[in-house]
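1. Dropping the sequence and predicted coords here.
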Amino acid sequence: SDNMAAKVFIVVVAAISCGAQALPFSLTLDGESSTSFLPSWNSSTTPDPRNNAMTTTFTGSSGMTISFTETTFSDVGVTESLLSFRNTGSKSSGMLCNVNAHDIMLPDLGDNITIFHFVGSHANRDDYSPLQQQLSDSKRIHGNTTNSLQESYRLWGNVLKIIPNLTPTTCIAACNAANDCVGVTFSEIVASGINSCYLIRTIHYGVVQSGYASWTKQSVPGNVIFSPSGGRSSDSMLPFFSVSGTLGSYTMSIGWSGNWVVNASSTTNGTRVTIGHGDSLCTLLNPGEELRSMRIAYVKTLQKSTDGIKGNAFAGFNAHRRYMVRHKLPRDPVTNTINGSIIASWSWIGWPSPPTQSQQLWHVEMVRNTSVEYYWLDAGWFNGGFPGGVGNWQIPIDRTVLRSCYPNGTLAPLADACHKSPSSVGFIVWFEPERVAPHTYIASTFPEYVLGQSNPSAEGLLNLGDDEARTYMHDYLSAAVEAYSLDVLRLDFNIAPGPIWSAADEVNRSGIVEARYVDGLYKLWDTILEGHPGLMIDDCSSGGRRIDLETLSRSFPLWRSDYGAPGDMESLQSMTMGLSLFAPVSSGAVWGWDPYRWRSAGVVGKTISWGLQGWQAIASNTTAQAELKLAVKETERLRILALEGDMYWITNSTLDSGNWAAYQFHDPTINAGFALYFRRCNATQTSLSAGLQGLSQTTNYAVEYYYTYAQEGATKVMNGAELQNSNIALGQTQSLLLQYSAHQ
């Protein structure tokens, strides 16, 4: 909105003058810091007005060049940067190490600087749960002039413990007893009336003295470091976070489908944030060789939210969501609608095993007859099955298909059944092109394409950094897309590539295999998409373990987590609340068609996971069929609001079955939105304030309540203040969809 845009300021380096200002990246070349050598290099700037971009190029005497491109998206206040290198000289470059694609000292964000970030996917119920860490132990402590009560505040991360009646002496004793006093010193701050002892980087103890009525701030240098596991960009940690304080926030996302490291630190000069390759990249470049680093998106928001530091963080999250929706998420070339918002039903090798053609044709008909939008054939349809047959991707492609299940050596009959009018549905097929199982076709025929198979019994990795290997896989997948008339190309990746990449690096070339591989991944996907307009890519990667800025600009996560507990609605709700802030399009597993389970699985997309028994129950129950159709219609109705709207948490995101869960999407451009409320199975609290955000207090809204898929009662009209403060009452394991729009 105009109001929001006025509060969002872009952090841009429009042109870099050597030595005139700090560079927003850092590295070393043969051990020398870029801040030392770049001022002596030649530099030039090249504007790109069409894309609102500027590239600054530095060239050294040896022919080494460093290019830094920034692109601004002024409508959403986001800046995007990309760092790259090229050796134009005749000799090998020096050692390029300690590369931080983003290295910036943040502007003043106020007090209590806190890092808001998220667990990634690791097949656990806490996937996409929020993490909150205070960067430095900084606390405004208010005293009481009327009594002599003494309190000690212990801060550790985001945990606050109050230990009463501590003197300066017992403060030190308590610290020693806790076994965390390394580096502790004691000082008396006479001016503020506070005696304090503190642990550098971790803990701050303060003792409030009687008569102290003002406030002081004790800042302790600290840092927060986080990174993914195993080489996949969102394995265990999301590449998305916000640094937030009382005056605003700085929100960042990472476009690199490999290893990355974030380090946010409190320094005497302020808050510094670096995003880089850590110690995984330290290499020379051969003559003529190029290397790209990470794409970083960042937005600075300056507003003092009524919801405090958390509200400032959400202002940044929503600015980033608008950037993703308007500029990054892939769209249909004909309709211009965002790809990936789909409801799909899948069948795997256990449904039942093996998945024969006749069984799958029955499944297709069930999908077509219940308004579900896509049919999805998962692993197990190919020679060798899953996982032993991963790598049997053979040209001609009919040699790949398991003929005992598909006698004609093709999946085309399934495609024809899906696309039959009326009530046609989309067709999704699973592939895992990168992992190579031992003794499969690729391992045996093209061993030179495979990384990590020096041991013939080990799993390997198709080297996407190798042009021939990548071309082979491009040709295979393109042939499958065309022969099977695929609507969605589902690409899995069930192997941690990091150890394989590093083992393949040569001396003085650490990280080069990863860099070539990641760049090859983007080339593979881009050429497939360019050759098949309208095709969508579902990026699975063991359920959500390769979600980042680059993959989201080409694909969507249809299966966001491999955690699969059918009864754990708390986890599904929490996953939606966390991941939706970064990835506006994703799908969660849905285990039932009743409103509570259906709504728990996500917003814009659903992955039907109730299997053969569930579909058989629906087939014999016309009431269930009708309810499923209503569930599908509800999801379709809410999609545009969920994509175009800002997201707010009405409750905190927790996994506790004794709590409520609630969140909201509000589109300020049309002053409309919806909220979903869940009273969980053990929640004793019977009601909750509506808690809606973004409303105009005096505007009248038309409000609809859906406890089931049918509207409850007549539409109500109430002003924004009344709606915001209205009461939501639910029974245990009951949900409510509240939908509203400005009343005409």
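-> Right, received. Where do you want to start? No experiment lies behind these values; they were computed from the predicted model shown.

2. The helix or strand hosting residue 102: partners in the sheet, and parallel or antiparallel?
-> Here residue 102 is covered by strand 96-105, with elements defined by DSSP states H and E. In the sheet, strand 96-105 lines up against strand 26-29 (antiparallel), strand 270-276 (antiparallel), strand 282-283 (antiparallel) (DSSP bridges).

3. Low-confidence regions, the protein specifically.
-> Along the chain, the parts satisfying pLDDT under 70 run over 1-21, 136-221, 349-352.

4. rewinding a little: out of the strands paired with strand 96-105, the one nearest residue 538 is which?
-> Residue 538 lies closest to strand 270-276 among the strands paired with strand 96-105, at 26.9 Å (CB to CB). Any C-beta I mention is one placed from the backbone N, CA and C, and that applies to glycine too.

5. May I have that closest one exported as PDB, CA atoms only?
-> Provided in PDB are the C-alpha atoms of strand 270-276 (Å, rounded to 0.1, in the frame of the first residue of the first chain):
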ATOM      1  CA  GLY A 270      26.700  -1.400  15.500                       C
ATOM      2  CA  THR A 271      25.200  -4.600  14.000                       C
ATOM      3  CA  ARG A 272      27.100  -6.300  11.300                       C
ATOM      4  CA  VAL A 273      25.600  -9.000   9.100                       C
ATOM      5  CA  THR A 274      27.600 -11.300   6.700                       C
ATOM      6  CA  ILE A 275      26.200 -13.900   4.400                       C
ATOM      7  CA  GLY A 276      28.700 -16.100   2.700                       C
END
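
6. Please point out which parts of the strand holding residue 102 sit buried.
-> The neighbour-count check on strand 96-105 (16 or more other CB atoms under 10 Å) flags 96, 97, 98, 99, 100, 101, 102, 103, 104 as buried.

7. Residue 263 versus the third one, what's the distance?
-> In this structure, residue 98 lies at 11 Å from residue 263, with CB to CB, to the nearest Å as the measure.

8. Could you identify the helix or strand that succeeds the strand holding residue 102?
-> Using DSSP H and E, the helix or strand that follows strand 96-105 towards the C-terminus is strand 114-119.

9. Adjacent strands (with direction) for whichever helix or strand comes after that next one?
-> Sequence-wise, the next helix or strand beyond strand 114-119 is strand 130-134, with elements assigned using DSSP H and E. Paired strands of strand 130-134, with direction, are strand 114-119 (antiparallel) (DSSP bridges).

10. from the middle of its chain, how far away would the partner strand be?
-> 12 Å (CA atoms, centre = their mean, to the nearest Å).

11. cool, and stretch 266-275?
-> A distance of 24 Å separates the C-alpha centroid of stretch 266-275 from that of its chain, computed with CA atoms, centre = their mean.

12. What of stretch 570-582?
-> Once both centres are worked out by CA atoms, centre = their mean, stretch 570-582 turns out to sit 10 Å from its chain's centre.

13. Extract the CA atoms of that stretch and return them as CSV.
-> Extracted C-alpha coordinates of stretch 570-582, given in CSV (Å, rounded to 0.1, in the frame of the first residue of the first chain):
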residue,chain,number,x,y,z
GLU,A,570,-0.2,-28.9,15.5
SER,A,571,2.9,-29.5,13.3
LEU,A,572,1.0,-28.9,10.1
GLN,A,573,-0.4,-25.6,11.4
SER,A,574,3.1,-24.5,12.6
MET,A,575,4.7,-25.4,9.3
THR,A,576,2.2,-23.2,7.4
MET,A,577,2.8,-20.3,9.8
GLY,A,578,6.6,-20.5,9.4
LEU,A,579,7.1,-21.3,5.7
SER,A,580,4.4,-19.1,4.3
LEU,A,581,6.4,-16.0,5.4
PHE,A,582,9.2,-16.9,3.0
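
14. ok, what's across the strand from residue 272?
-> In this entry, residue 272 is beta-bridged to residue 105, residue 265, by DSSP bridges.

15. is it true that it touches residue 262?
-> No. Between residue 272 and residue 262 there is no contact under CB atoms under 8 Å: 11.4 Å.

16. Settle it for me: which of these two has more neighbours?
-> Looking at residue 272 and residue 262 with other CB atoms under 10 Å, you find the greater number of neighbours at residue 262, namely 24 against 15.

17. now for the longest strand seen in the chain, which elements pack on it?
-> Of all the elements of type strand in the chain, the one with the most residues (DSSP state E) is strand 290-301. In this structure, strand 290-301 packs against strand 8-9, strand 78-87, strand 96-105, strand 248-255, strand 270-276, helix 308-323, helix 512-531, helix 549-552, with contacts taken as 3 or more CB pairs under 8 Å, 6 or more residues apart in numbering; DSSP states H and E.

18. Mind putting the ones you listed into TSV with distance to residue 431?
-> Conversion of the helices and strands packed on strand 290-301 to TSV gives the following (distance: least, CB to CB, whole Å):
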stretch	distance to residue 431
strand 8-9	41
strand 78-87	29
strand 96-105	31
strand 248-255	23
strand 270-276	31
helix 308-323	30
helix 512-531	11
helix 549-552	16
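
19. What is the end-to-end distance of stretch 430-445?
-> The first and final residues of stretch 430-445 sit 23 Å from each other (CA to CA, to the nearest Å).

20. An error on my part: the question was meant for stretch 730-744.
-> From the first residue to the last, stretch 730-744 extends over 29 Å; the measure is CA to CA.

21. rewinding a little: can you redo the strands paired with strand 96-105 as a markdown table with distance to residue 359?
-> Shown next, in a markdown table, are the strands paired with strand 96-105 (distance: least, CB to CB, whole Å):
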| stretch | distance to residue 359 |
| --- | --- |
| strand 26-29 | 56 |
| strand 270-276 | 48 |
| strand 282-283 | 51 |
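
22. Ok, which of those strands comes nearest residue 296?
-> Residue 296 sits nearest to strand 270-276 of all those, at 5.9 Å, using CB to CB.

23. any idea how far that closest one is from the chain center?
-> Between the centre of strand 270-276 and the centre of its chain there are 20 Å (CA atoms, centre = their mean).

24. Please apply the same query to stretch 597-615.
-> Distance, stretch centre to chain centre, for stretch 597-615: 21 Å (CA atoms, centre = their mean).

25. which of the residues in that stretch are buried?
-> When neighbours are counted by 16+ other CB under 10 Å, the buried residues of stretch 597-615 are found to be 597-611, 614-615.

26. And stretch 429-442, by the same measure?
-> Along stretch 429-442, the positions that meet the burial threshold by neighbour count (16+ other CB under 10 Å) are 429-438, 440-442.

27. Now do the strands in the stretch 301-450 of the chain.
-> 343-347, 374-377, 426-431, 435-436, 450-451 (DSSP state E, counting those that start in this stretch).

28. Redo those strands as JSON lines? Include distance to residue 683.
-> Below are these laid out as JSON lines (distance: least, CB to CB, whole Å):
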{"stretch": "strand 343-347", "distance to residue 683": "28"}
{"stretch": "strand 374-377", "distance to residue 683": "34"}
{"stretch": "strand 426-431", "distance to residue 683": "36"}
{"stretch": "strand 435-436", "distance to residue 683": "42"}
{"stretch": "strand 450-451", "distance to residue 683": "50"}
